[in-house]
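K.L.:
One predicted model, sequence on top.
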Amino acid sequence: MSSVAYAILWVLARVVARLLFGFRVVGTVPKRGGLVVAANHASYFDIPLLGCGMARRAWYLGRSDLFMPGVKGILQWLGWIPLKLGRLDRKAFDRAIALIKAGKVVVIFPEGGRSLDGRLRNAKAGLGMIVAQTGCPVVPAYLKGTFDVLPAGAKRPRFHPVSVSFGPPLSFSRDGNSETKQFYHEVSRVVMERIAALGGVAPPQHHHASAGVRNAE
């Protein structure tokens, strides 16, 4: 997809979001370098709102079973990376890792799917795996109001204010334990807590020890 086509779609999405939903953006995403944006997920509106909330093009890891074949091709052209559930989808993760190493932005929803009640859920280990293999910073993001606009199962959107808040990038120390499941889960846990703090909501319940994390410079 050309940068011109993406820019046109970005402007259209932002204008529509502001006119219909009073869309607001708090915070920014770094202008350069490969990174992950990790956000809560409660609605199909999350992806376009995240996209028009950033001044950079992004690619998105998402479930592969959501759309028909014809639609899938268009979405992949737009930046969707289809992710098979139920097992480690090495092809999808390798694609995301390659993009990050090339200096691109990849969006991941650590919870693994949409929340059915709007509350945050425990994260999967995929985010930690990407961090372990790239050493990239993670920008936490909280989408507010999208559950009220289009919750799971809704037939049509409702008018409700929406916003996205981006937090400071987080950097995780990689050492001899960075390729372990404990590290993967700990990265996801810390990021979910930062996402909750951005939204002023309760974080998911966890039972792991704290890991080394710092704000990325």
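P.N.:
Ah, there it is. Numbering: from 1, shown residues only.

K.L.:
Spatially nearest residue to residue 162, not counting backbone neighbours?
P.N.:
residue 145 (3.7 Å; C-beta to C-beta, 6 or more residues apart in numbering). Using the backbone N, CA and C atoms, a C-beta is placed for each residue, glycine as well.

K.L.:
Same check on residue 111?
P.N.:
Excluding the flanking residues, the one nearest residue 111 by C-beta to C-beta, 6+ apart is residue 121, at 4.6 Å.

K.L.:
cool, and residue 124?
P.N.:
Residue 124 sits nearest to residue 112 (C-beta to C-beta, 6+ apart), 4.4 Å away.

K.L.:
Could you report the distance from that neighbour to residue 58?
P.N.:
As judged by C-beta to C-beta, to the nearest Å, residue 112 and residue 58 stand 19 Å apart.

K.L.:
Ok, residue 37 next?
P.N.:
From residue 37 to residue 58 the distance is 7 Å (C-beta to C-beta).

K.L.:
so what does the helix or strand hosting residue 106 touch, helix or strand wise?
P.N.:
Residue 106 is part of strand 105-108, with elements assigned from DSSP states H and E. Contacts defined by 3 or more C-beta pairs under 8 Å, 6 or more residues apart in numbering; DSSP states H and E place strand 105-108 against strand 35-39, strand 58-63, helix 90-101, helix 126-134.

K.L.:
contacting residues around it?
P.N.:
29, 34-39, 47, 50, 54, 56-61, 81, 96, 99-100, 126-127, 130 (C-beta atoms under 8 Å, 6 or more residues apart in numbering).

K.L.:
List the pairing partners of it within its sheet, with orientation.
P.N.:
Sheet neighbours of strand 105-108, with direction, are listed as strand 35-39 (parallel), strand 58-63 (parallel) (DSSP bridges).

K.L.:
Of these, flag the one that's most buried.
P.N.:
strand 35-39 (a mean of 26; mean count of other C-beta atoms under 10 Å).

K.L.:
What lies in contact with it?
P.N.:
Counting by C-beta under 8 Å, 6+ apart, residues outside strand 35-39 touching it are 29, 46, 50, 54, 58, 100, 105-110, 127, 130-131, 136-143, 164, 166, 169, 191, 195.

K.L.:
Using CSV, write down the CA coordinates of the host helix or strand of residue 15.
P.N.:
Assigned by DSSP H and E, residue 15 belongs to helix 3-21. Output of helix 3-21 as CSV, limited to C-alpha atoms (Å, rounded to 0.1, in the frame of the first residue of the first chain):
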residue,chain,number,x,y,z
SER,A,3,2.1,6.0,1.6
VAL,A,4,-0.2,8.4,-0.3
ALA,A,5,-3.1,6.0,-0.1
TYR,A,6,-2.5,5.4,3.6
ALA,A,7,-2.3,9.1,4.3
ILE,A,8,-5.6,9.7,2.6
LEU,A,9,-7.3,6.9,4.6
TRP,A,10,-5.7,8.3,7.8
VAL,A,11,-7.1,11.8,7.2
LEU,A,12,-10.6,10.4,6.4
ALA,A,13,-10.7,8.2,9.4
ARG,A,14,-9.6,11.0,11.7
VAL,A,15,-12.1,13.4,10.4
VAL,A,16,-15.0,10.9,10.7
ALA,A,17,-13.9,9.9,14.2
ARG,A,18,-13.8,13.6,15.4
LEU,A,19,-17.1,14.5,13.8
LEU,A,20,-19.1,11.5,15.0
PHE,A,21,-17.4,10.5,18.2
